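Student: Here is the input, now give the coordinates:
(2 chains)
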Amino acid sequence: MLMKRQFVLTLILMPITFGIWYAAGTLFAAPAVWLCDLVLSLLYPSVVEAAALQGADMIVSSEFGQLNGQIMAAADTGNRIALEINSRLVSYSIAFYAALLMASNLEEGVFKFCVGLFWLWVIMAFGLASIVGKELLMIVGGPFLAAPGVPPADVIALIYQFNVLLMPTLAPVCLWFWQLRGSPLWEALAEDIKRASSAGPSLPR
Amino acid sequence: MLIAGIVAFPARTHHKIIAIAAGFLFVQALNIVRIISLFYLGQWNYTVFELFHLYLWPVLIMLDVLVVFAIYLQWLGKQHPAVEVA
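Tutor: The predicted structure is shown next:
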């Protein structure tokens, strides 16, 4: 009964949380973009010059440029390839998480939301960095892969799949589940799990 | 993700097979609804199409997976109703 209430309330709250998230896209993306800029500039100084927020987009200035149709180091070309990345591709996890949490009506809900938001921003930063990696792989190609510390193309593709296609929906569920502990819904769920486990294969004693 | 959850949870093999088959059908059914809705939304308004395609439908599919898994847990519990829960 509690689970049914949880899912129905989540669906009802989603238009509200997604509406707020869409209207305040810049605000929700800013900390993740700042963190992404920090991580990329520190780990890949020969690939990324800087990342900044413009509306809900993250503008990444790379260390690569184009001269006579050839892509090479920006120092040799006098120009830089810039990427425009839609931060909403990862930030919608905040709207989903807010709907899940609000539907549970937990004690200290605001504090729990702030803690969850912090972790989502960290996860979002890695998501944004993964998009940067994928875009540079597609646009720059060889010179990007040859830069120090850049993983092979298959690894970049796999990281992109995990951080951009999976994490924005999985991370809110994991955080919500973690913060659910001690609530009536958690107790009901634990009871379901115990009962379901007892129907499983008997373990050797 | 649903298959991973079902396989990881301790249950009898035939229960897992039934759950995977039913879950697959349930998720695929919603996926067809997703594709049809996106087709019509795309014809109507590209911004709304993008909003649903990139942000809303992935969340709804994840909720669908959660609902299926919650139903699976309850169904598993009903297979041994006499077992006393501590």
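Student: what about stretch B:14-27 and chain A, any contact?
Tutor: Yes: Stretch B:14-27 is in contact with chain A by CB under 8 Å from any CB of the partner chain, via B:His15. Bear in mind the C-beta positions are built from the backbone N, C-alpha and C, glycine included.
Student: Any idea how far the helix or strand containing A:Leu11 is from the middle of the chain?
Tutor: Element membership of A:Leu11, judged by DSSP states H and E, is helix A:2-23. With CA atoms, centre = their mean, to the nearest Å as the basis, helix A:2-23 stands 19 Å off its chain's centre.
Student: again with stretch A:55-75
Tutor: With CA atoms, centre = their mean, you get 24 Å for stretch A:55-75.
Student: Also stretch A:37-46?
Tutor: In terms of CA atoms, centre = their mean, the centre of stretch A:37-46 is set 18 Å apart from its chain centre.
Student: Please apply the same query to stretch A:78-95.
Tutor: 11 Å.
Student: what does chain A put close to chain B?
Tutor: A:3, A:7, A:10-11, A:14, A:18, A:22, A:88-89, A:92, A:95-96, A:166, A:168-170, A:173, A:189, A:191-201, A:203.
Student: For A:Phe18, the count of nearby residues, please.
Tutor: A:Phe18: 20 surrounding residues under other CB atoms under 10 Å in any protein chain shown.
Student: Contacts only, for the closest residue to A:Ile131 other than its chain neighbours.
Tutor: Nearest non-adjacent residue to A:Ile131, counting by CB to CB, 6 or more residues apart in numbering or on different chains: A:Ile85, 5.1 Å away. A:Ile85 is in contact with A:Asp57, A:Met58, A:Ile59, A:Val60, A:Leu128, A:Ile131, A:Val132, A:Glu135, counting by CB atoms under 8 Å, 6 or more residues apart in numbering or on different chains.
Student: and of these, the nearest to chain B?
Tutor: A:Ile131 (12.5 Å; CB to the nearest CB).
Student: Distance check, the residue most central in space within chain A against chain B.
Tutor: With the centre of chain A defined as its mean C-alpha position, the nearest residue by CA atoms, centre = their mean is A:Met124, 2.9 Å away. Applying CB to the nearest CB, to the nearest Å, the value for A:Met124 to chain B is 14 Å.
Student: rewinding a little: among the contacts of A:Ile85, which one has the most neighbours?
Tutor: Neighbour count (other CB under 10 Å) singles out A:Leu128 as the most crowded of those, with 29 neighbours.
Student: related to what we said a few turns ago, buried ones only from the residues of chain A next to chain B, please, as a ChimeraX command.
Tutor: Here is the ChimeraX command that selects the buried residues among those (16 or more other CB atoms under 10 Å in any protein chain shown):
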select /A:3,7,10,14,18,22,88,89,92,95,96,168,169,170,173,189,192,193,195,196,197,198,199,200
